[in-house]
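A.B. asks: prediction below, plus the sequence it came from.
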Amino acid sequence: MTTTILQLSHLILSFTILVASLNHPGLVDATPDDDSYWLLRIKSEFIDPLGALDTWLQETSMCTWNGITCGDDKKHIISLNLSNSGLNGAISQHFSKLTFLETLDLSLNSLSGPIPPDIGNLGNLKELRLFSNSINGTVPPQIALLRQLEVLRIGDNLLTGEALQNIGALSELRVLGLAYCNFNGSIPKEIGNLKKLMFLDLQQNSFDGEIPEEISGCSELRSFAASNNRFERRIPTTIGLLSSLQILNLANNSLSGAIPPELSHLSNLKYLNLQGNKLGGEIPVELNGLDQLEILDLSRNNLSGNISLLNSNLKNLEVLALSENLFTTIPPNLCLKNSNLHHLFLADNNISGGFPEHILNCSSLHQLDLSGNSISGALPPSLDSLQSLTDLLLNNNSFTGEIPPQIGNMTNLNSLFLFGNMITGGIPLEIGKLQQLTTLYLYDNQMSGPIPRQLTNCSSLADLDFFGNRFSGSIPPTIGKLKNLVNLLLRQNELSGNIPSSLGYCRKLQRLVLADNMLSGSIPPTFGFLSELFLITLYNNSLSGPIPESLHHLKNLSIVNFSHNRLSGSIAPFSGSNSLTKLDLTNNSFSESIPTTLSTNLIRLRLAHNSLTGGIPLHFSQLKQLQLLDLSFNNLTGELDTDLSSLTSLEHFLLSNNRLSGPIPTWLGRITELGELDLSSNSFTANIPPEIGNCSKLLKLSLRSNMLSGPIPPEIGNLYLLNVLNLQRNNLSGGIPPTIQQCRKLYELRLSENSLSGPIPLEIGTLGELQVVLDLSFNQLSDKIPSSLGNLMKLERLNLSSNKLEGEIPPSLGKLSSLHRLNLSNNHLRGQLLSNFAGFPSNSFLNNDGLCGPPLISCSELSLKARKRLPESQIVGIIVAIVFTSTLICLSLMYTMARIWWNWRKVAISCSEKGGFEQKKEGEDWVYGEEIAKSSDHHFWNSNSMALVPSQSKQVSDSDTARIFQFKWSSAAAKK
Amino acid sequence: MALRIPLHLFLLIVPIYANLEGDALYALRRAVNDPENVLQSWDPTLVDPCTWFHVTCDAQNRVTRLDLGNAKLSGKLVPELGKLERLQYLELYMNKLMGPIPAEVGRLRSLVSLDLYNNNLTGSIPPSLSNLSNLKFLRLNGNRLSGRIPRELTKLGNLKILDVSNNDLCGTIPTSGSFSKLTEESFMNNSRLEGPELMGFVKYDVGGC
């Protein structure tokens, strides 16, 4: 049809050109009096890639030019229509010279620039169509001069500003289209002057303010669309006076208040959309009078109460959308037998109670959405009376009971959403009759039993999600019949047995999720046919055997997670897909070396807890996007090659528990995105490179259990975000760098089991976030404990044991109110313990030079001990002096002292034995307060001397007394 | 046999924590404003949140720590946090968080430390915190919390530190149970707080609170 018209017009065109050239052998003399003069100037300003203006030639008559209708005088044009002509460039100012113009249509081009203000000169203009261009700027006020204007359509442009300010002047307007621009401002009251207005389209702008009552003046209005603006306050009741109105669309504004009952006077209304506002209250019962209404959308408001709409009155209603409101009940007589209702959306309301069975009268329903309510009870078996239903959405309710077998009669069903309920029982075998079913979502229920073989008769099935149920048995071996299957998600069930090899014949599969089941056997080689496969997760099963070679063919494979199985052999088949972005094979039994050609698009690679051997392949240097590399707990050997320094996107670099050796490379300092670096439990040697201080985003750094030597570089202080620093068990020497104070976010700091010397820098006391532990034990640290440690108010564990610390324990340490495990044993500390320490076990303080007071021996006892250390001759001298001064009393005293000394010696010997054996344990197992009460074999506390009973034992004896008392009381009571 | 039935019923209602914890944390990410992008690594499509920065998991891949102290976060806490069953350390101190402490925080049965100090939190201290039987450290100081100090908190047998200073709390200070060890420093700078409750003489709930 169009081609014939085109051919015809071509023919006419060439004919007229011929005629024109015959009549005017010379040039046409165009003067400014003649519109052609201006049109040619306009032409020169347009960019015309499609040649729409090719016929505009000086030598031909203007009246024959494309898009032009001449007036009777043949000198002036009355209509110019260049719609959809591929024109570019600005709208020429010369349009204003075409003063006879009645119709100007430049719509559907790519014009830019502003609307020329001189357009106001076109006093005869009746229709101005500039819609769907890229015109910008504001609407010139001169447009109000176009008093004859009947059609003004300038929407779908980049226009801004207040377009409606002077609109009241255009009283001849029939059509006003301003949609899809960036207009703002409000609708003026003068809108009511537009008595002839039939179509008003203001959609998708930023108009605001109230919709004026005066809108009722537009008595001819048939369509009023103002959706997606910022209109606020109430819907004017006067809208009810617009008796011709057929379409009213005020969706997605900020309108509030109630829905005016006056809307019920709009007896011609077919379409009413008020969705996405802040309307409250109930639906006025009067709306039942809208007997022409076909579509009613009140969703996403704050409407509440009963739904008072009755389909018996709204006979033509096809769509009723009330989702996302606060409705509580559905009227019992919503539908008559002959209802026209096709779509009923009541999602996300507060509807409770059992399934609203009267909905089953709505036999014409195609779509029913009751999701996101609190509907409980079982699904009614008579659900199948909704014979036309294609989509049934009952998800996110509280349905219980089983899926009725009658579901199999609903043969038009496309989508069945039952997820997020408490449905139990099995899948009814009748489901196999649903030949149209494409989507079946049963996830997040409590369904059980096997997945029936009949399900594989649903040949249209594309999406199947059974996640989070208790389906058991094996995946039906006939699953391969589902040729249209795209997504198969069976995660977190109790499925067992082998993965059927027929699954490999579901060749449209893109997502296959069988994780978190009890599947066993091996991965079928038929998976090699799943060429569309994008995601496959099989984690947390008991799969064994090798990865089939055929997986090498899966070129679209992007996400793979086979972690936590018993898979073995080589991981080489994964090198087939260069689309691979995430590969997780953690915790299997894979062996051999890491393949040298893994996808260069990898973002995450996790191969931890396998038995991989060999080195880290050099080709890893090409994995420029790799963010996570976890190779920990394997048998990898070799050094960290310089080539790996190109892994500049790495955020997690985890290599712990391998047999890697050589120095820690300096290039790590160039991986500035690094947030977690764990090289622990390897055989790395030499110094910690100072360059590590450049990894300023590091949060966790563990170099524990290596053979690192030399000092801790002061540059460690540049890691100002660091949360965890673990350098435990190396041969580090030198002092603890005071720069560590800059690591203000440290909550865990372990430097134990090294050869660190010098004093504990007092700057450690500024690390106020230290919380989990500060462990400096088993080093050569000397001097006094800095009192600044008393500032670590959040610290829960402090271990300074087995160093050479001396002097008194600073009193500030007693203020560590969060501390519940403390170990200061095996140092050279002395002095009286503060009373705050009495709650800690004595093991916290053992083997020091002279600590006393609870929980240790009292200081008076200690002074006795000190006295015992004096040379024998002096003691004899003292005794002689005592004998000299008082003879009789002294003799009796000496007898007592000798006895106490004997007891003390017994304790001191067992103490040192106990300390030496207990202290040397694994890093974490140092002596702490709370567990000590549970540990047995403290025979050295069994002394009879009262002075040696520590406070905790005292408590025990107290409670013993209490128990005895209780026993006495109860026996006394029994006697009664 | 009689014992087996309730056990079976219990198994039926075992919650699915598939990626429940990741989803819960992601709900927090959505609810807060994060100008320094500290939550950038929180990718909800991952199987678990254990490789997200500032999240620490145990060997079973369950979240044990959330370390977002001093991270310039603003916005609200989300009730979903209550789903982190194994969470021991909830460190959200020194941010600009506002709104109430969700009552669901009281479901974090493993919680040892709840550090929400120096934020703009409002509302009252949820009495549900008294369910946190492992809680040792409760630091809520430097917020705008109002209402009474829930008397139920005295049940917290392991409580070592309580700091609710610098808030807008009112009423009297409970003195029994775990509160008997606390000093007045824990309650300082609450202008409407009336001092320790007078047991036996005045009812707990009197006063303009």
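C.D. replies: Received, thanks. It should be emphasised that the depicted structure is a prediction, and the values quoted were computed from it without experimental measurement. Numbers count the residues shown, from 1 in each chain, chains lettered A, B, ... in the order given.

A.B. asks: pLDDT weak spots in chain A?
C.D. replies: For chain A, residues meeting the criterion pLDDT under 70 lie at A:1-32, A:310-312, A:336-338, A:862-976.

A.B. asks: how about it: which residue is closest to chain B?
C.D. replies: Nearest residue of chain A to chain B, counting by C-beta to the nearest C-beta: A:Gly468, 4.5 Å away. The way it works is simple: take the backbone N, C-alpha and C, and place the C-beta from them, glycine included.

A.B. asks: what about stretch A:615-631, start to end distance?
C.D. replies: 11 Å (C-alpha to C-alpha, to the nearest Å).

A.B. asks: pull out the buried residues from that stretch.
C.D. replies: Judged by neighbour count (16 or more other C-beta atoms under 10 Å in any protein chain shown), stretch A:615-631 contains these buried residues: A:616-617, A:620-623, A:625-631.

A.B. asks: gap between it and the chain center?
C.D. replies: 26 Å (C-alpha atoms, centre = their mean, to the nearest Å).

A.B. asks: that stretch and chain B in contact?
C.D. replies: Yes - judged by C-beta under 8 Å from any C-beta of the partner chain, stretch A:615-631 comes into contact with chain B through A:Leu628.

A.B. asks: contact partners of that stretch?
C.D. replies: The contact list for stretch A:615-631 (C-beta atoms under 8 Å, 6 or more residues apart in numbering or on different chains) reads A:581, A:586, A:593-598, A:600-608, A:612, A:636-641, A:643-655, A:658, A:673, B:51.

A.B. asks: restrict those residues to the buried ones and give me that as a PyMOL selection.
C.D. replies: Those of those that count as buried under 16+ other C-beta under 10 Å are selected in PyMOL with:
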select buried, (chain A and resi 581+586+594+598+601+602+603+604+605+606+607+608+612+636+639+640+641+644+645+646+647+650+651+652+653+654+655+658) or (chain B and resi 51)
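
A.B. asks: nearest residue to A:Leu792 other than its sequence neighbours?
C.D. replies: Closest residue to A:Leu792 apart from its sequence neighbours, by C-beta to C-beta, 6 or more residues apart in numbering or on different chains: A:Leu770 at 5.0 Å.

A.B. asks: residues of chain B that sit close to chain A?
C.D. replies: Contact residues, chain B versus chain A (C-beta under 8 Å from any C-beta): B:12, B:16, B:18, B:41, B:47, B:51, B:53-54, B:67, B:69-70, B:89, B:91, B:113, B:115, B:136-137, B:160-161.

A.B. asks: emit the PyMOL select command for whichever of those are buried.
C.D. replies: To isolate the buried members of the residues of chain B next to chain A in PyMOL, using 16+ other C-beta under 10 Å:
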select buried, chain B and resi 18+41+47+51+53+54+67+69+70+89+91+113+115+136+137+160+161
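
A.B. asks: return the subset of the residues of chain B next to chain A lying in strands.
C.D. replies: B:67, B:89, B:91, B:113, B:115, B:137, B:161 (DSSP state E).

A.B. asks: contact partners for A:Leu314?
C.D. replies: Contacts of A:Leu314 (C-beta under 8 Å, 6+ apart): A:288, A:290-291, A:293, A:296.

A.B. asks: so which of the residues you listed is the most crowded?
C.D. replies: Greatest neighbour count in those, by other C-beta atoms under 10 Å in any protein chain shown, goes to A:Leu293: 27 neighbours.

A.B. asks: relative to A:Ile247, how far out is that residue?
C.D. replies: 11 Å (C-beta to C-beta, to the nearest Å).

A.B. asks: do the same with A:Pro477
C.D. replies: Applying C-beta to C-beta to A:Pro477 and A:Ile247 gives a distance of 55 Å.
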